[in-house]
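> My questions concern the predicted model and sequence given below.
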Amino acid sequence: DFVPEMQRNNIKMIVLLREPVARDLSYYNHMLGNHLAGSNVSNPSHDKTSAFTAGTGEEVCDPVYLYHAKNGGTAPTYSEHAACEMRIWKHCSGADATAWDGFEAEVGKYAQCQAKDEFGKRISRHHVEHHAPGETGLTYLSSGMYAAQLHRWTSFWPRKQIMVLQMEALLSDTTTLLGATYKFLGFEGAAPPTTMPQENTKDYAFTVHSVDCATKEKMSKIFEPWNRHLFDQVHQEHAAGKAPDEEPPLVPDHWSNPAFQVQCHAGSMSRPKPGVEASFSAGLGSTTWQRRRSDTSGKTHSPWWRS
């Protein structure tokens, strides 16, 4: 309703998707940087920019997670963060996040989680109709369930007006992808950039670049059927002529490419602390993975998609 009827056909949207586990870790690192190096690190609960959260429904999570999320000088590990996301999902949907009962059933669970507040109470119908659909704040786990989000968006907007791209494809073939994007947007007279920025300005010593393998395996299991349905859905939309003509196909191999996947190690992750490099403990000592050299500010210079 916020877009005038005469302008609806002129609206064009670009949906840029990143492999969901990498997206989840990236958002974790974004919060971690604000939490441990933000403007109010001594008392992050008083500063929304320094807040650390797995979603507005996190009060159902482990007290250890909540303590480290709400206090300065410390933070939850990624494993604790992922466990909290999964716990919220189970609380609001009534099912384990690794369960898959078919797309329609899972979309129903997704919608159910969007229709409840952080205390598990039903949100009013007005809020559901005008605010909740498409939001993923209750648990950030649902931010990576792209098929549900695209399903919702295309119930309101023609698919021809929504261009779906993979971030990994954009990095691998920047000129082609940006050329197609410019054409879709009607910028055919302009030359698109041929490279993407490389610098990650929020890469700190404590930034997590590798997670424990057990957590990665569980997160991958959650997103695998969602990804599979997304690829099938977009392929069918291309075959039916519903997708924009300029839109390239989604390629599953982009998300299985080791260059863009989250790395993993055996053992337990160390507790993030300001200025302390992340490491793993397997009971026989600790291991710190190799990183690129830091400058005097404590920031490193790995590519931005590595965090």
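Looks like it came in fine.

> Run through who's touching stretch 174-190.
12, 14, 163, 165, 169-170, 192-196, 244, 246-248 (CB atoms under 8 Å, 6 or more residues apart in numbering). C-beta here means a position set from N, CA and C on the backbone, and glycine is covered the same way.

> Give me the mean pLDDT for that stretch.
In this model, stretch 174-190 has an average pLDDT of 92.

> thinking again about what came up before, which of the contacts of stretch 174-190 count as buried?
Buried subset of the contacts of stretch 174-190 (neighbour count, 16 or more other CB atoms under 10 Å): Met163, Leu165, Ala169, Leu170, Pro244, Glu247, Pro248.

> Mind putting those into JSON lines with distance to Ala75 and pLDDT?
What follows is the buried ones among the contacts of stretch 174-190, written out as JSON lines (distance: CB to CB, whole Å; pLDDT from 0 to 100):
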{"residue": "Met163", "distance to Ala75": "36", "pLDDT": "98"}
{"residue": "Leu165", "distance to Ala75": "32", "pLDDT": "98"}
{"residue": "Ala169", "distance to Ala75": "32", "pLDDT": "95"}
{"residue": "Leu170", "distance to Ala75": "30", "pLDDT": "94"}
{"residue": "Pro244", "distance to Ala75": "41", "pLDDT": "98"}
{"residue": "Glu247", "distance to Ala75": "39", "pLDDT": "98"}
{"residue": "Pro248", "distance to Ala75": "38", "pLDDT": "97"}
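
> and those residues, which of them are in strands?
In strands, defined here by DSSP state E, the members of those are Met163, Leu165.

> just the buried ones among the contacts of stretch 174-190 now: which is nearest His68?
Nearest to His68, judged by CB to CB, of those is Leu170 at 34.4 Å.

> neighbours around the nearest residue to that closest one once chain neighbours are set aside, how many?
Nearest non-adjacent residue to Leu170, counting by CB to CB, 6 or more residues apart in numbering: Leu177, 4.6 Å away. Leu177 has 20 neighbours, counted by other CB atoms under 10 Å.

> nearest to His91, of the buried ones among the contacts of stretch 174-190?
Taking these together and measuring to His91 by CB to CB, the closest member is Leu165, at 33.1 Å.

> For the nearest residue to that closest one once chain neighbours are set aside, report the pLDDT, please.
Leaving aside its chain neighbours, Leu165 sits nearest to Leu16 (5.2 Å; criterion: CB to CB, 6+ apart). At Leu16, the model reports a pLDDT of 97.

> CA atoms of the helix or strand containing Leu16 as PDB?
Element membership of Leu16, judged by DSSP states H and E, is strand 13-17. What follows is strand 13-17, C-alpha atoms only, in PDB (Å, rounded to 0.1, in the frame of the first residue of the first chain):
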ATOM      1  CA  MET A  13      14.200  -5.100  -6.800                       C
ATOM      2  CA  ILE A  14      17.500  -6.900  -6.500                       C
ATOM      3  CA  VAL A  15      17.900  -9.900  -4.100                       C
ATOM      4  CA  LEU A  16      21.500 -10.700  -3.500                       C
ATOM      5  CA  LEU A  17      21.900 -14.100  -1.700                       C
END
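
> Name every strand pairing with that strand and say which way it goes.
strand 162-166 (parallel) (DSSP bridges).

> Which residues outside the partner strand are in contact with it?
For strand 162-166, the surrounding residues in contact (CB under 8 Å, 6+ apart) are 12-18, 150, 153-154, 177, 180-181, 184, 234, 243-244, 246-248, 250-251, 254-255.

> mind checking how far that strand is from the chain centre?
16 Å (CA atoms, centre = their mean, to the nearest Å).

> Check which residues of the helix or strand where Tyr67 lies are buried.
Assigned by DSSP H and E, Tyr67 belongs to helix 63-70. For helix 63-70, a neighbour-count test (16+ other CB under 10 Å) marks Tyr65, Leu66, His68, Ala69, Lys70 as buried.
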